[in-house]
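Participant: kindly generate the corresponding structure for this input.
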Amino acid sequence: MANHELELPPDRGATPPRVVLNPVGIILVCVAALAMLGLIAVFSATAFKSSAFFWKQILGIGLALGAGFVVSRVDLEYARRHVWLITGGIILLLLLVAIPGIGISVNGSRRWLGMGPVRFQISELAKIGLVFVLAHYLAINQSAMGDFRKGFAYPLAIIGAAGALIMLQPDFGTAALVGCVGVVLLFLAGARWRYILISVGMGAVFFATAVSLNANRMTRITAFLDVEGNKQGGTYQVYQSFLAFAAGGVGGTGLGQGRQQIYFLPEAHTDFIFAIVGEELGLFATLATVTAFGVIFLCGLLHLRRAPNLFQYLLVAGALLIMALQAIVNFGVVTGRLPTKGMSLPFVSAGMSNLVLMGIIVGLLVNTRRSWSREHVLPGSRDFT
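Facilitator: Model (predicted):
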């Protein structure tokens, strides 16, 4: 018997379902891929030494996941009420690092606190701490950004104090990084152009003077100007990284088949891990790594468009800048575009302190992804949506 069920014509006026882009979800995929690459590269770069480096990397990833989970569940506006207490705690830790017998010294630099093999580099915590306090200050003084004291002198003092304490360790690279992030946040908060230019000029003069008074760092700068001519001295690692990239070519030598980390490139699993990726996995792997960081940054910018107020906008923007600038500096050093500076490649280099910092940053992105969907605005803040 024929089926006489009435078939309704399609509703031609219906709106097709809209695909909503989830920038933070894309960031999480890229972060997972980079962390997996880091595990593989660290294992390959240290297998001939000891498996302890690999297990320590796994521990670092575990701590990063834990820190990220905690931060993803924190009420940022509640934490903001205790911003000065958090700031005081970070300053205290930076001062403790400078005390002989408390701060742990390695190769002439006193940057760590801890016991036995467990160490934490306090300047990593200071990076996100500075962003937090600066975002809070700039948000509550948004209407006074044209004023010299509130819009320039006070925030510059906050940036300068953090940079000075980090330089005492000494860690010039991290001090320069936090200075750059701080100045960009001033710009994003609406500081006057002449204040920005004064900040950049003062920072450049101060940093150049500090470097010129330090013979070791001055040697790094002058050696950088002629990498090949100084390959037995100040640019030895950079020159060996060139050879690693050349040996890898397009297809790479294969996992575990690289020789630079065995014979020529010291500490390959930390600051120069990107050279090991280039040697063993080749050009496509290095391009994919750079692309992953580019995607993270672009997705972060898309995510920022939903920020409900200036505080959270600056907080997330500063966190993204820390991640992006670290990656840029690492790429620049390993490829000889920047003077040698020990700075980890986020998610890839061995080092628990930086992994925990990156976990905090990712946790912050997850936190804001959830809270910004509610579109709540902090009382007294200017709406950004």
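
Participant: just the helices in the stretch 1-150 of the chain please.
Facilitator: 23-46, 52-73, 76-80, 83-97, 122-140, 148 (DSSP state H, counting those that start in this stretch).

Participant: most neighbours per residue, which of those helices?
Facilitator: The highest average neighbour count among the helices of the stretch 1-150 of the chain, using mean count of other Cβ atoms under 10 Å, belongs to helix 122-140 at a mean of 23. Heads up, the C-betas are built off the backbone N, CA and C, glycines and all.

Participant: distance from the chain centre to the following helix or strand past it, please.
Facilitator: Beyond helix 122-140 on the C-terminal side, the first helix or strand identified by DSSP states H and E is helix 148. Mean-position distance between helix 148 and its chain equals 30 Å (Cα atoms, centre = their mean, to the nearest Å).

Participant: who's in contact with helix 148?
Facilitator: Y195 (Cβ atoms under 8 Å, 6 or more residues apart in numbering).

Participant: now stretch 311-328: mean pLDDT?
Facilitator: Here stretch 311-328 scores 95 as its mean pLDDT.

Participant: ok, back up a step: dump the helices of the stretch 1-150 of the chain to JSON lines, plus distance to V238 and mean pLDDT.
Facilitator: Shown next, in JSON lines, are these (distance: least, Cβ to Cβ, whole Å; pLDDT from 0 to 100):
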{"stretch": "helix 23-46", "distance to V238": "17", "mean pLDDT": "94"}
{"stretch": "helix 52-73", "distance to V238": "22", "mean pLDDT": "93"}
{"stretch": "helix 76-80", "distance to V238": "40", "mean pLDDT": "90"}
{"stretch": "helix 83-97", "distance to V238": "28", "mean pLDDT": "88"}
{"stretch": "helix 122-140", "distance to V238": "23", "mean pLDDT": "93"}
{"stretch": "helix 148", "distance to V238": "43", "mean pLDDT": "88"}
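
Participant: closest to I221 out of these?
Facilitator: helix 122-140 (21.3 Å; Cβ to Cβ).

Participant: elements contacting the longest strand along the chain?
Facilitator: In the chain, assigned by DSSP state E, the strand with the most residues is strand 109-115. The contact analysis (3 or more Cβ pairs under 8 Å, 6 or more residues apart in numbering; DSSP states H and E) places strand 109-115 against helix 83-97, strand 104-106, strand 118-121, helix 122-140.

Participant: output these in a markdown table, with distance to S373 appended to each entry.
Facilitator: Shown next, in a markdown table, are the helices and strands packed on strand 109-115 (distance: least, Cβ to Cβ, whole Å):
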| stretch | distance to S373 |
| --- | --- |
| helix 83-97 | 24 |
| strand 104-106 | 42 |
| strand 118-121 | 33 |
| helix 122-140 | 20 |
